[in-house]
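**Q** kindly return the folded structure for what I paste below:
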Amino acid sequence: MADEFDPEKFEDKYANYFNELQRAYKNAFNHMNERHDSQLIHGIDQTILNESEPFYEDGEFRVELPENPRDRLEGVLVDDETFEETLEEYVERIEAELHRTFQVDRPE
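**A** Sure thing, here's the model as predicted:
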């Protein structure tokens, strides 16, 4: 775990915080995989989140998704509403795990 989170070091996150990022994403994946259809979670993980980008701005983490995430998910039969709700929950879980992993309180 990081000694103390440094927002400036997060600008080069893959060099400075790769292990912590991996841990946060893995924890979010495990949480979601236990609660949702594993095919959907694996599909989101492999086709959308693999190209997502975490950022730290104004005291909080956010995850930016690639363009047209729904179009990226192939081979998984799921209605648009379920997809959107699951993806939103997954992103929120990643953001929460980033806060937890880096021991950064969420702004109120």
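
**Q** spell out the secondary structure type for residue 54.
**A** strand (DSSP: H, G, I helix; E, B strand; the rest coil).

**Q** show me what contacts it?
**A** By C-beta atoms under 8 Å, 6 or more residues apart in numbering, the contact list for residue 54 reads 13, 21, 24, 61-64, 94, 98. Using the backbone N, CA and C atoms, a C-beta is placed for each residue, glycine as well.

**Q** and if you look at residue 23?
**A** For residue 23, the contacting residues are 97, 101, by C-beta under 8 Å, 6+ apart.

**Q** tell me the pLDDT at it?
**A** Per-residue pLDDT puts residue 23 at 96.

**Q** residue 90 - nearest residue in space that isn't next to it in sequence?
**A** residue 32 (5.2 Å; C-beta to C-beta, 6 or more residues apart in numbering).

**Q** phi, psi for residue 98 please.
**A** Dihedral pair for residue 98: phi -60, psi -40, per degrees, to the nearest 10.

**Q** from residue 67, how far out is it?
**A** Going from residue 98 to residue 67 by C-beta to C-beta, to the nearest Å gives 22 Å.

**Q** these two: who's more crowded?
**A** residue 98 (28 against 7; other C-beta atoms under 10 Å).

**Q** tell me the spacing between the more buried one and residue 63.
**A** Applying C-beta to C-beta to residue 98 and residue 63 gives a distance of 8 Å.

**Q** one more: residue 42?
**A** Separation of residue 42 from residue 63 (C-beta to C-beta) stands at 18 Å.

**Q** who has more neighbours, the two?
**A** residue 63 (19 against 14).
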